[in-house]
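Participant: Build me a structure from this.
(chains A and B)
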2 protein chains.
Amino acid sequence: MTTEVKADSKLQTYKDLARQLRIDSIRCSTAAGSGHPTSSLSAADLIAVLLAGHLRYDFGQPENPANDHLIFSKGHASPLVYSMFKAAGAITDDELMTFRKFGSRLEGHPTPILPWVDVATGSLGQGLPIGVGVALAGKRVLEAPYHVWVLVGDSESAEGSIWEAFDRAGHEGLANLTAILDVNRLGQRGPTELEWDMGAYAARVRAFGVDPIVIDGHDVAEIDDAYARARGASRPTAVLARTVKGKGVSFIENKEGWHGKALDPEQAKQAIAELGGETRSRTFPVAKPERWDRPSMQRTGSLALKTYAEPIATRKAYGEALAALGAARKDVVVLDAEVSNSTHAEDFKKAAADRFFEMYIAEQQLIAAAVGLHARGWNAFASTFAAFFSRAYDFVRMAAISRVDLRLAGSHAGVSIGEDGPSQMALEDIASLRAIHSSVVLHPCDANQTAKLVVAMADTKGIVFLRTLRPNTPVIYGPDEEFEVGGSRVIRSSDDDDVTIVGAGITVHEALQAADALEDDGISARVIDAYSIKPIDGDTLQSAAEATGKIVTVEDHFPEGGLGDAVLAALAEKDEHPRVLKLAVREMPRSGKPEELLSAYGIDAEHIAAAARQLVGSEVTTS
Amino acid sequence: MTTEVKADSKLQTYKDLARQLRIDSIRCSTAAGSGHPTSSLSAADLIAVLLAGHLRYDFGQPENPANDHLIFSKGHASPLVYSMFKAAGAITDDELMTFRKFGSRLEGHPTPILPWVDVATGSLGQGLPIGVGVALAGKRVLEAPYHVWVLVGDSESAEGSIWEAFDRAGHEGLANLTAILDVNRLGQRGPTELEWDMGAYAARVRAFGVDPIVIDGHDVAEIDDAYARARGASRPTAVLARTVKGKGVSFIENKEGWHGKALDPEQAKQAIAELGGETRSRTFPVAKPERWDRPSMQRTGSLALKTYAEPIATRKAYGEALAALGAARKDVVVLDAEVSNSTHAEDFKKAAADRFFEMYIAEQQLIAAAVGLHARGWNAFASTFAAFFSRAYDFVRMAAISRVDLRLAGSHAGVSIGEDGPSQMALEDIASLRAIHSSVVLHPCDANQTAKLVVAMADTKGIVFLRTLRPNTPVIYGPDEEFEVGGSRVIRSSDDDDVTIVGAGITVHEALQAADALEDDGISARVIDAYSIKPIDGDTLQSAAEATGKIVTVEDHFPEGGLGDAVLAALAEKDEHPRVLKLAVREMPRSGKPEELLSAYGIDAEHIAAAARQLVGSEVTTS
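Facilitator: Predicted structure coming up:
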């Protein structure tokens, strides 16, 4: 009898909590005048049972490394997130009612401004692959006791990234991960593709190596049982919950046209009455995790960087520096999308296989996993061809909203890759990644510089992108030179320079050759290596502008938003007005030898020298 | 007996062709000194049987609308593509041997420079979703007789976009689509995740609604049978072929370390000897399709655009103009990623449901399908939130390499969306899409202007992006005004303007308010609506720079690569050096009311006026 009473009491607690979550989800969204109450109501029972019965989380210590993780991949269910925080006693009812108001921590979609939120969500299909990263950190590296729960919307299962995540979870055997799929049948503008075909969801999940548990998502006993099975499972699980959108309020239940709409005050009153009326808010106890101390990650071992004298590719220097960094700092982890022999991330793998993550050809999951590893305190470096970060651009964008410190290394930049052709050439990467908030864009031209910048990346805030080259380049810097983020290097200058050439990466070497040729013509060219494209060294550019009045910028990139535009923007901020001639790739490139392509697209030494002569010798017009 | 002889003869033809394809794949890549012979050899039998036995294609008339389509999703198997073209008599052996050389049509990865190539591939995971678009065009709109065959690599099945494609194929019941999966077990740097687990592939494909046919990919009889079944099936099919990488050459067969490596001349000699030695090249007949005339698509019906006088959102004007355009032009098709009630693409759907494609929340498939529809002659408009085009950035990049004319409409740009917060705000879209080769970026500020630009988009070459707004904006242009791509509008000016304000979209209205406020201070401000951000109207900017010497740019976008940088680049080309002060969103925005956010991030009328006063009243420094 006692056991039964206890069970009854537990189920009653779940129901009471679910009722409160529903009422609060309606209250806060109605007060805001916008938001997603119906998407919150469908998942209220799922979250109530999780919070009161299965989550192990110390809301007073969100940094406790033993805490479970709960990620709302369906970030638009933010009224439910915040109502849950209130029920757990983490925020007050007054703060709950600031939802979506300017200055509130309770944004339209959750962000880590709140200490209990691991990562920003709201672009669908990202929470689950990020959860995979958090689970990987727990299983592969730390052997941590936490479980990762991800609430996934049914609509977002149309995103391929969800299947990259299930694939990775299955292949890695992430028994510490449970996806909770809220199958409420209705998307934004109508029924989802699979509606309530639970069998189809189960077959898909199972085929990707994850065990499905199909339940009624409003039966708290079934939910309770499913979570217990999920936590105890030896394989990754997906709780597939059949639910009703707007559940609990008759006039919005399973109705189209109610996605992303707050109830007006009169409707809210009626809805709350249907839910049993507003009662005194309760705080529900949440189980804390057992104590577990995270193994320390030594961060200050001695660093033994290779030094270089002979021509070598910057991508190779990246791999070797990363391996050295990984030996010195045990907080460094590396991920690659099945091209580690090209990016040279394999050098790290050879040195520290336990901290290397093969993500196969799934760039979205690559970035998501890096974000998840960062959420657990790792210093994550992710690499692929620079062109293929475009596949994960939305994930990088969201990582910035998550305030993640992320290190990206993109190889095979520009036409200098040669024969493989434009599909493999990054020619938009500087522009797209400069535009990311908090980003840093670095583009070294030699191996010693690369090694130093790889070390600098590890302690740089924000989304740090290192652009590396396929071909070997000469070594022009000594191994003892230091390179800071935001700096540049004046490689060649005199007191009476006639013109300045600004390059980065491969074009630095072309610029130096051009300067030699110009010297033969009696023209003295200053050469600046703008290896830090964002932030760019405005002071050095200003000095050059003042000294020479004429600047040629040259980049292996399309003309928009790259090095040249960064230089123009920096000079505009300094109110400096030199003549600027911008050399960049202005046609869709073809296949050919690197030197043929640098010439054909007008960014080799010959074209740089011609542009400089034009600036020096005549009134300049357009490029 | 005759039938048997005929069957024997058919199988022998397949084998002879496969042998030639293998030898030619080795010959051309060895001559190039790079390329992917081993990835070509694994699929040689699959392609030989297809070409000689099942493809219906008139190589003399690649534009024949009845032709089958064959897309190499694994674009790196380009030696096989080109060897196939030679075997079909489309190119000579001499041209084959120009593979990867500068100036050759035979690029490292196939592009539509060749008339028999529908779309560029080489970024993995794109060919199948594009094939879905070609199949959709055949099934849904045209009822065309063609079949779409897509050769897919096993490695690329790790890309989520492949599962977006299988999902769409299954849901739409695309019986005219066959994916041929070349399961050669080895990726670039080692074994694939699933290696030769054919059962796992079959389960996945089946769960997504596509019928698997598992075969030995080197048994020409099995392949022959599988293709016959695939062509005759009433549902979409996937031929899952177990193959061996490097098949036919003992020293590279199933060996790691041979991905993307050409054989050296000595190795090539040995390999060709193993394959039976070089013999006289044959041309193999390819069956032509039966004649089928594509129904004509009327393109010049009368256009009845709505006109506007009251405030309304530009996204709504987009939907209404699109509906009008669709009524006038039967070549227009529209795709949307489950947000058509927000982008207002639903207005088109209501008017022409047969030409509307719901792609659910799968932005990669959204763009891929648009590319596929374009390949069949449709004028495709694709819409979602502008922020979410970032999810498909690699697909847009590749569409440019495919020389596609693609129309993208992105709604909910910038902080002016308000409460939903940064995950839903496009703040990098102008930068990232400006950097795409061939792109056009348009950003109207009122409904009449939007309508005219929607019409203009339909006849504009390249990747045309229209950025629309969530909130209502005042109508400032009459319905008879014309707006051309590359133009701008000087909305307010006098002979003695002190300063110029350049805006686009929401900031045009803020700029006008600022000009009113400045007038009260005795400052005369010229206001330019730079609705065409790429190409931008350099002449008008030049005139303004000459007239006022001072420019404030203001954009609802991050500072890098947006409107301000476009203005700076245009002025640099004109060698004009006004003082330019760039207003943009410089923090990670939060939730709030649109007007609160425009103010908080420094891009509202008040901040514009302050910036203008600063420029006019003092020596300017930085913003």
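Participant: List the contacts of the residue of chain A found nearest chain B.
Facilitator: Of all residues in chain A, residue A:160 sits closest to chain B, at 2.2 Å by Cβ to the nearest Cβ. (C-beta placed from N, C-alpha, C; glycine too.) Contact partners of residue A:160, counting by Cβ atoms under 8 Å, 6 or more residues apart in numbering or on different chains, are A:125, A:364, B:159-164, B:362, B:364-365.
Participant: you'd agree residue A:428 is up against residue A:559?
Facilitator: No. In this structure residue A:428 lies outside contact range of residue A:559 using Cβ atoms under 8 Å: 10.8 Å.
Participant: Compare the two (neighbour count), which wins?
Facilitator: Counted by other Cβ atoms under 10 Å in any protein chain shown, residue A:428 and residue A:559 do not tie: residue A:428 has more neighbours, with 32 against 23.
Participant: Look up phi and psi at that one.
Facilitator: As for residue A:428, its main-chain torsions (degrees, to the nearest 10) stand at phi -120, psi 0.
Participant: Which residue comes closest to it once chain neighbours are left out?
Facilitator: Closest residue to residue A:428 apart from its sequence neighbours, by Cβ to Cβ, 6 or more residues apart in numbering or on different chains: residue B:435 at 4.0 Å.
Participant: circling back to that earlier point, distance of the residue of chain A closest to chain B relative to residue A:104?
Facilitator: Counting by Cβ to Cβ, to the nearest Å, the gap from residue A:160 to residue A:104 is 34 Å.
Participant: one step back: for the residue nearest to residue A:428, give me phi and psi.
Facilitator: phi -70, psi -10.
Participant: What does the pLDDT read for it?
Facilitator: Listed pLDDT for residue B:435 reads 98.
Participant: same question, residue A:2
Facilitator: Turning to residue A:2, the model gives it a pLDDT of 62.
Participant: Equivalent analysis for residue A:141, please.
Facilitator: The model's pLDDT for residue A:141 equals 79.
Participant: do you know how far it is from residue A:457?
Facilitator: 20 Å.
Participant: Quick check: which element contains residue A:585?
Facilitator: Assigned by DSSP states H and E, residue A:585 falls within no helix or strand.
Participant: Please tell me I have it right and it contacts residue A:427.
Facilitator: Yes. With contacts counted by Cβ under 8 Å, residue A:585 reaches residue A:427, the gap being 5.8 Å.
Participant: Which neighbours do these two have in common?
Facilitator: A:414-415, A:556-558.
Participant: among those residues, which are in reach of chain B?
Facilitator: Among those, proximity to chain B is found for residue A:558 (Cβ under 8 Å from any Cβ of the partner chain).
Participant: quick one: which of the shared contacts of residue A:585 and residue A:427 is most hemmed in?
Facilitator: When the shared contacts of residue A:585 and residue A:427 are compared by neighbour count (other Cβ under 10 Å), residue A:556 ends up highest, at 34 neighbours.
Participant: any chance of the shared contacts of residue A:585 and residue A:427 in TSV, plus distance to residue A:250?
Facilitator: TSV is the format used below for the shared contacts of residue A:585 and residue A:427 (distance: Cβ to Cβ, whole Å):
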residue	distance to residue A:250
A:414	61
A:415	63
A:556	62
A:557	58
A:558	56
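Participant: Please list the members of the shared contacts of residue A:585 and residue A:427 that lie in helices.
Facilitator: Among these, no member falls in helices (DSSP state H).
Participant: What does the residue lying closest to residue A:121 once chain neighbours are set aside show for phi and psi?
Facilitator: Distances taken as Cβ to Cβ, 6+ apart place residue A:75 nearest to residue A:121, at 3.2 Å, with adjacent residues excluded. Dihedral angles of residue A:75 (phi, psi; degrees, to the nearest 10) stand at phi -60, psi -20.
Participant: Quick check: next helix or strand after the one helix or strand in chain A whose mean pLDDT sits lowest?
Facilitator: The helix or strand of chain A with the poorest confidence is helix A:2-32; it has a mean of 92 (mean pLDDT, DSSP states H and E). Using DSSP H and E, the helix or strand that directly follows helix A:2-32 along the chain is helix A:37-41.
Participant: C-alpha coordinates for that following helix, CSV please?
Facilitator: What follows is helix A:37-41, C-alpha atoms only, in CSV (Å, rounded to 0.1, in the frame of the first residue of the first chain):
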residue,chain,number,x,y,z
PRO,A,37,2.3,28.7,-25.7
THR,A,38,0.8,25.8,-27.8
SER,A,39,4.2,24.3,-28.4
SER,A,40,4.9,24.6,-24.7
LEU,A,41,1.6,22.9,-23.7
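Participant: what separates whichever helix or strand comes after that helix from the chain centre, distance-wise?
Facilitator: Once helix A:37-41 ends, the next helix or strand along the chain (criterion: DSSP H and E) is helix A:44-49. Centroid displacement of helix A:44-49 relative to its chain, using Cα atoms, centre = their mean, to the nearest Å, is 28 Å.
Participant: and helix A:44-49, average pLDDT?
Facilitator: Rounded mean pLDDT across helix A:44-49 is 98.
Participant: Tell me the helices and strands packed up against it.
Facilitator: Packing partners of helix A:44-49 (3 or more Cβ pairs under 8 Å, 6 or more residues apart in numbering or on different chains; DSSP states H and E): helix A:2-32, helix A:78-87, helix A:220-232.
Participant: ok, residues contacting that helix?
Facilitator: Residues from elsewhere that reach helix A:44-49 (Cβ under 8 Å, 6+ apart): A:14-15, A:17-18, A:21-22, A:25, A:80, A:84, A:151, A:180, A:182, A:217-220, A:223-224, A:227, A:239, A:241, A:243, A:247-248.
Participant: What residues of that helix count as buried?
Facilitator: Using 16 or more other Cβ atoms under 10 Å in any protein chain shown as the test for burial, helix A:44-49 gives A:44-49.
Participant: Check stretch A:331-351 too.
Facilitator: Quick answer for stretch A:331-351 (16+ other Cβ under 10 Å): A:332-349, A:351.
Participant: Show me how far that stretch is from its chain's centre.
Facilitator: With Cα atoms, centre = their mean, you get 18 Å for stretch A:331-351.
Participant: and the end-to-end length of that stretch?
Facilitator: Taking Cα to Cα, to the nearest Å, stretch A:331-351 runs 14 Å from one end to the other.
Participant: Cheers, nothing more for now.
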